[in-house]
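Enquirer: build me a model from this:
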Amino acid sequence: MPYKGLKFKDIFLNIVLFLILFFIISLFISFKKIYIALIISIGFIFFKWKYKKVIFFNLISIVVLLKIIFLFYNPTDYYSVLSKTVYEKHFLVGVKNLNLNTSIYGGNMDPNNKKNIRTINIKTDSLGYRNSIHIDEAEYILIGDSLFHSHRIDQSNLINERLNIKNNKKFYNASMTGSDMGHYFETIKFFKKINQNAKFIMIIFPGNDFLNYEIIQKNYSKKLENSILKNYFEIKEYFDFYTKIKFMINVLKKDKLEDRIDKSNKISGKKIFFYKSYYVKPNSKINFSKAFDIYQNYYPDILIVVPSKAQVYCKHLKNYDCTNINYIKILGNISLFNNSKIIDSTEFLRDKAEEKLISNELIYFEDDTHLNELGLDIFSDFILDNLN
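Expert: Alright, predicted model coming up:
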């Protein structure tokens, strides 16, 4: 009997240590690679007790030490602000119930630039999206990526806030940085269960949305409502080891970022950066595999094409020519959008950009690919003009 009691105690301790070790290791790696923590933790079970004690003690010491270090050394740039609003690239769910004021640094093409630091307010709802209204109030739900998630924009200047001020219809912003078309359809699927009467406006960006989609994001809608995973990521967000370590790695990769950017252009005397990969080509295509047929009932009511920054300012660029791509025809040939109203905003934004240059104003950030406050305000007018 004493032997059996000891054996049960050993099993119980092994389980507890396994769970603690698994959790600690997971703090340092992405959600996509969480299997690494599982493999290491399983291997840990077969170590002798004296080694387990040493490993466990050292690991706890490292966690405590890093937490203390990061209290005093808190690296900040474009991505550190983004990490406050989205849990992780491989768990694209917004951090819920935020109400914080944070400093904003350089854009995604100059993330370490701290010459024009400003403070913005970021609020999120219980689902992690940046809204001041409840989802039940929404008449229109915006589906998109970083273009409308706008983590460098103050809450008051978000596209949904501008829309809600300008008219009596209610707009909810369900955009999330890092999302692709697979996420968009899953997001519509998720919100159709919550608000069956809302209409959906999907934003498509040729710069990174025109891809060959083979695999669906099948479980993404489940992640949006998984409270256990969200609570785990709340704890992971508190320690924030993965983000901080990734920041230091990104600093070492700065040269790779430089290779992807065209810094040779000036517009109205201002140096304007452009991503080379967003020099959209006329032969760009978008395709969906048969797997996407499950979303035939989750189409957007309105599908709006938003051009890249280079497409808008093309006439001012040295290394890119203006081309007119028939996006309405391209997207109209896709069965998923047979019942969607397809709108191309390219010419509208080109005209508005030229109009604003007269007063030396830009509608995009100089060192970022996204619309700035003025650009979002202008685009909100375009949406309202095309609702009917």
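Enquirer: so what's the nearest residue to F239 once chain neighbours are set aside up against?
Expert: Excluding its sequence neighbours, the residue lying closest to F239 (C-beta to C-beta, 6 or more residues apart in numbering) is L27, at 5.1 Å. For glycine as for every other residue, the C-beta is placed from the backbone atoms N, C-alpha and C. Going by C-beta atoms under 8 Å, 6 or more residues apart in numbering, L27 touches V63, K236, F239, F241, Y242.
Enquirer: next one: Y327
Expert: P206, V305, I342, D344, T346 are the contacts of Y327 under C-beta under 8 Å, 6+ apart.
Enquirer: so which of those residues are in helices?
Expert: Residues of the contacts of Y327 located in helices (DSSP state H): P206, T346.
Enquirer: just give me the least confident of the contacts of Y327.
Expert: Ranked by pLDDT, those bottom out at P206, which has 93.
Enquirer: find the residue closest to that residue in space, skipping its chain neighbours.
Expert: Spatial nearest neighbour of P206, chain neighbours left out: V280 (4.8 Å); criterion: C-beta to C-beta, 6+ apart.
Enquirer: isn't that neighbour right up against C322?
Expert: No: using C-beta atoms under 8 Å, V280 is not in contact with C322, being 11.0 Å away.
Enquirer: mutual contacts of the two, please.
Expert: Going by C-beta under 8 Å, 6+ apart, residues that sit against V280 and also against C322 are Q311.
Enquirer: and the two? Which one has more around it.
Expert: V280 (21 against 14; other C-beta atoms under 10 Å).
Enquirer: residues in contact with the residue sitting nearest the centre point of the chain?
Expert: The residue lying closest to the centre of the chain (C-alpha atoms, centre = their mean) is T177, at 1.5 Å. Contacts for T177 (C-beta under 8 Å, 6+ apart) come out as L82, T85, V86, L92, D145, S146, H149, H151.
Enquirer: equivalent analysis for L211, please.
Expert: Per C-beta under 8 Å, 6+ apart, neighbours of L211: D180, M181, I286, N287.
Enquirer: which of those residues fall in strands?
Expert: Using DSSP state E, the subset of the contacts of L211 located in strands is N287.
Enquirer: of the contacts of L211 - the most surrounded one?
Expert: Neighbour counts for those peak at M181, which has 23 neighbours (criterion: other C-beta under 10 Å).
Enquirer: where's that one relative to Q217, distance?
Expert: 9 Å (C-beta to C-beta, to the nearest Å).
Enquirer: separation between the nearest residue to D154 once chain neighbours are set aside and F274?
Expert: Using C-beta to C-beta, 6+ apart and skipping residues adjacent in sequence, the residue nearest D154 is I120, 4.0 Å away. According to C-beta to C-beta, I120 stands 24 Å off from F274.
Enquirer: same check on P111?
Expert: Using C-beta to C-beta, P111 is found at 16 Å from F274.
Enquirer: where do the strands sit along the stretch 201-350 of the chain?
Expert: Along the stretch 201-350 of the chain, counting by DSSP state E, counting those that start in this stretch, strands occupy 212-213, 261-267, 270-275, 287-288, 302-305, 341-344.
Enquirer: closest to D125 out of the ones you listed?
Expert: strand 302-305 (22.7 Å; C-beta to C-beta).
Enquirer: okay, now the sheet partners of that closest one, with direction.
Expert: Each strand paired with strand 302-305, and its direction, by DSSP bridges: strand 199-204 (parallel), strand 341-344 (parallel).
Enquirer: kindly reformat those as CSV containing mean neighbour count and distance to D368.
Expert: Formatted as CSV, those follow (neighbours: other C-beta atoms under 10 Å; distance: least, C-beta to C-beta, whole Å):
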stretch, mean neighbour count, distance to D368
strand 199-204, 22, 17
strand 341-344, 19, 23
